[in-house]
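coordinates only, sequence not included:
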């Protein structure tokens, strides 16, 4: 048998982020959406360097003895990362300079540099600088080995090369040595984009904050002649290193580590690729950086600021608005009575998120509701759901919430919500040492006419009203007795930390039976294939990385099981290799909404078993997290999921191939009819509302 191939997770992730970049150059994507995809690509890459690249660099530092335990060479992976990112950054700059800026101009939007300004615009920019920016500008003269300012994480700076005019009078100008300085660009305090006066009513002129400061830099250093200036940015290691996390107060340790996050070691210095070598070397010395810490980009950094690029009210340059589909069966009356009658499925953002909000808001005021339980992983800044929990306590309900404070980059928000809920009287349970809780579920207990009802909501996505408009996630409202009872068992474990004595028969629960259940389902397909029965699996997820599960999928392919994968992000499995993975087809869909749902379908000899889950097939999800995988028993919801998956698999507009030869090529189904799965799904659900 050929050696089984695996793609390193970080290299696979870069392949995913390139799919995001592909959207920015797709001629069929509206202009402002292209700009948004540039912002998403940049935001993704920032986090990647702060977390994943920092991890690789730390592995390089530990030495070869420790590295022997790894299945890869960190130095080799790091080299491939830099090579890939550099190539992508070149393409990013080309897209921005050669496609986005000309297209903006064709719509009357001019992105101006300082040399493009007319006299009236110069006066406007100079007044703006003096009246608004000057108090925030932080100039620092750099003196090697003497002045080494601390660069704030992900903040923008201009590195200036200049000549001291006083020294210039005393020396031969040809022998004068340049001085260097930094000026902080206060993009965290002031809007990055400024609209300038225009002589034409239908023309919009915009300048970036960076170029406003460039235009006025002579005012910052009046005794110097500015030769040139170049933008730089430093990002820092964002991993939280919590020593001995199995002892002491975990919450306090998280808070302490958060204080250190923005002062961590450098993960990269991003600089203008036109910067001269002399200045690069000088900055390396001043900030104690080696060649591996350097990354060339274009003229502008922190391109995630393009999320806030002004649209000037031009709606035609955005995606078509898709009004969320109402579900009157859940919103026109008492939601709990509706759930008691039958299970209900919801697919965001195509369906309105209102039923999920109503689940909590009605529970808060329903006199028959006695208890509410929920797991909070990420939550909106202004959340009606959290407000409903507070209202429920005031109305005499017993409310408990489990808050995962190790949710990366949401630790501060989650701690703040925890404190707010506790002060209102909600019983709050916090993270468990060494274990993340990633499950997405809620439960309501209702006592009426001397009868107790338990009603649950399971989802693939967080209780987050904002991301519910941007992420595709599937949810299940159910009063199914066994499912609800097993969900109660999970809540009990999270609240008491006592071991679970009774096995889960219906739910798959991380740290207990989730991975064994998945293995059993796959092995059943393999067994069926070997005796000549039809066998297939269709798996939709964000990431596929767990090597044991990948090996099992290779086994399934060898046995004749048809394997169809729709993986948005990391895919360490390599499809399409003869005698290894030839029965495996894998695709990735990147479109206007972020594909976030996890759906697993097993043929099971014609009696399809369908599950939704909070878990991807990664080591962290299957081994180190509390996750839930929920079976779908309702026939109508099963049919809805099967139709959605069928539409996704027919996508020939936004589907990219994951393959050992033609990675990220757009799928060609040889059909004359373009099928864009997110639009097709919306209209399918609209017809069946």
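All right, it came through fine. Quick caveat, the model's predicted, so the values are computed rather than measured.

tell me the SS of residue 442?
Following DSSP: H, G, I helix; E, B strand; the rest coil, residue 442 is assigned to strand.

whoops, residue 532 was the one
Secondary structure assignment for residue 532 (three-state DSSP): coil.

now for it, how many residues are close by?
Neighbour count for residue 532, taken as other C-beta atoms under 10 Å: 8. In this view, the C-beta of every residue, glycine as well, is placed from N, C-alpha and C.

from residue 609, how far out is it?
Distance from residue 532 to residue 609, counting by C-beta to C-beta, to the nearest Å: 20 Å.

and residue 275, by the same measure?
Using C-beta to C-beta, we find residue 275 at a distance of 57 Å from residue 609.

more crowded one of the two?
More crowded of residue 275 and residue 609, by other C-beta under 10 Å: residue 275, with 18 against 15.

grab the nearest non-local neighbour of the more buried one.
residue 230 (4.3 Å; C-beta to C-beta, 6 or more residues apart in numbering).

could I get the contacting residues of that neighbour?
Residues near residue 230 by C-beta atoms under 8 Å, 6 or more residues apart in numbering: 158, 159, 161, 271, 272, 274, 275, 279.

for the second one, which residues are in contact?
Put plainly, it is residue 159. Contact analysis of residue 159 by C-beta under 8 Å, 6+ apart lists 180, 181, 182, 229, 230, 231, 232, 271, 275, 279, 283.

give me that answer again for 6 Å
Neighbour list for residue 159: 182, 230, 232 [criterion: C-beta atoms under 6 Å, 6 or more residues apart in numbering].

can you name every helix or strand that the top helix by length along the chain contacts?
In the chain, taking DSSP state H as the definition, the longest helix is helix 74-94. Helix 74-94 sits against helix 54-61, with contacts defined as 3 or more C-beta pairs under 6 Å, 6 or more residues apart in numbering; DSSP states H and E.

pull the distance from the helix it packs on to the chain's centre.
How far helix 54-61 lies from its chain's middle: 22 Å, per C-alpha atoms, centre = their mean, to the nearest Å.

what's next to it, contact-wise?
For helix 54-61, using C-beta under 6 Å, 6+ apart, the contacting residues are 74, 75, 77, 78, 237, 239, 267.

could you work out the most separated pair of these?
Greatest spacing in the contacts of helix 54-61, by C-beta to C-beta: 75 and 239 (19.4 Å).

any low-confidence regions in the chain?
Applying pLDDT under 70 to the chain picks out residues 1-2, 63, 65-69, 144-148, 169-176, 238-265, 407, 409.

give me the buried positions along the longest helix of the chain.
74, 77, 78, 81, 82, 84, 85, 88, 89, 92, 93 (16 or more other C-beta atoms under 10 Å).

and for stretch 565-577?
Using 16+ other C-beta under 10 Å as the burial criterion, the residues of stretch 565-577 that qualify are 565-577.

what's the span of it, first residue to last?
End-to-end distance for stretch 565-577, by C-alpha to C-alpha, to the nearest Å: 15 Å.

who touches it?
Stretch 565-577 is contacted by residues 5-7, 9, 12-13, 16, 539-545, 550, 581, 584, 586-588, 595, 648, 658-660 when judged by C-beta under 6 Å, 6+ apart.

buried subset of those residues as a ChimeraX selection?
Written as a ChimeraX command, the selection of buried residues from these, which uses 16+ other C-beta under 10 Å, is:
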select :6,7,9,12,13,16,539,540,541,542,543,544,545,550,581,584,586,587,588,595,648,658,659
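
in strands only, show me the contacts of stretch 565-577.
Of the contacts of stretch 565-577, the ones assigned to strands by DSSP state E are 539, 540, 541, 584, 586, 587, 588, 595, 658.

what's the farthest-apart pair in the residues you listed?
Top of the distance list for the ones in strands among the contacts of stretch 565-577 (C-beta to C-beta): 584 and 595, 19.0 Å.

contacting residues around residue 669?
Counting by C-beta under 6 Å, 6+ apart, residue 669 touches residue 652.

check which helix or strand it maps to.
Using DSSP states H and E, residue 669 sits within no helix or strand.

ok, back up a step: now do the helix or strand following the longest helix of the chain: which elements does it pack against?
Moving toward the C-terminus from helix 74-94, the next helix or strand (DSSP H and E) is helix 101-106. Where contact means 3+ C-beta pairs under 6 Å, 6+ apart, helix 101-106 is not packed against any helix or strand.

now do 10 Å
Contacts defined by 3 or more C-beta pairs under 10 Å, 6 or more residues apart in numbering; DSSP states H and E place helix 101-106 against helix 31-48, strand 109-112.

pull out the buried positions in it.
Neighbour-count burial for helix 101-106 flags residue 104 (criterion: 16+ other C-beta under 10 Å).

begin at 30 from here
In the new numbering, first residue 30, that becomes helix 130-135.

contacts for it, please.
Helix 130-135 is contacted by residues 56, 60-61, 63-64, 124, 138-140, 232-233, 235, 338, 346 when judged by C-beta atoms under 10 Å, 6 or more residues apart in numbering.

turn these into JSON lines, columns for neighbour count and distance to residue 86.
Shown next, in JSON lines, are the contacts of helix 130-135 (neighbours: other C-beta atoms under 10 Å; distance: C-beta to C-beta, whole Å):
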{"residue": "56", "neighbour count": "7", "distance to residue 86": "38"}
{"residue": "60", "neighbour count": "19", "distance to residue 86": "37"}
{"residue": "61", "neighbour count": "21", "distance to residue 86": "36"}
{"residue": "63", "neighbour count": "23", "distance to residue 86": "32"}
{"residue": "64", "neighbour count": "22", "distance to residue 86": "31"}
{"residue": "124", "neighbour count": "19", "distance to residue 86": "28"}
{"residue": "138", "neighbour count": "22", "distance to residue 86": "40"}
{"residue": "139", "neighbour count": "16", "distance to residue 86": "41"}
{"residue": "140", "neighbour count": "19", "distance to residue 86": "35"}
{"residue": "232", "neighbour count": "12", "distance to residue 86": "47"}
{"residue": "233", "neighbour count": "19", "distance to residue 86": "43"}
{"residue": "235", "neighbour count": "17", "distance to residue 86": "37"}
{"residue": "338", "neighbour count": "19", "distance to residue 86": "32"}
{"residue": "346", "neighbour count": "17", "distance to residue 86": "40"}
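
can I get those residues in a markdown table with distance to residue 216?
Output for these, formatted as a markdown table (distance: C-beta to C-beta, whole Å):
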| residue | distance to residue 216 |
| --- | --- |
| 56 | 30 |
| 60 | 23 |
| 61 | 20 |
| 63 | 21 |
| 64 | 16 |
| 124 | 21 |
| 138 | 20 |
| 139 | 21 |
| 140 | 16 |
| 232 | 25 |
| 233 | 20 |
| 235 | 14 |
| 338 | 13 |
| 346 | 23 |
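
pick the one among these closest to residue 448.
Distances from residue 448 to those, taken by C-beta to C-beta, are shortest for residue 338, at 35.1 Å.

spatially nearest residue to that closest one (excluding sequence neighbours)?
Spatial nearest neighbour of residue 338, chain neighbours left out: residue 64 (5.2 Å); criterion: C-beta to C-beta, 6+ apart.

ok, residue 494 next?
Nearest to residue 494 is residue 409, by C-beta to C-beta, 6+ apart, at 4.5 Å.

neighbours of that neighbour, just the number please.
Residues within reach of residue 409, counting by other C-beta under 10 Å, total 17.

need the contact list for it.
Residue 409 sits next to 415, 442, 446, 491, 492, 493, 494, 495, 496, 497 when contact means C-beta under 10 Å, 6+ apart.

residue 614 now?
So residue 614 contacts 591, 592, 593, 594, 595, 604, 605, 678, 686, 687, 688, 696 (C-beta under 10 Å, 6+ apart).

with distance to residue 246 added, can I get these in CSV?
Listed next are the contacts of residue 614 as CSV, based on distance: C-beta to C-beta, whole Å:
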residue, distance to residue 246
591, 63
592, 58
593, 57
594, 52
595, 50
604, 53
605, 54
678, 55
686, 48
687, 47
688, 50
696, 49
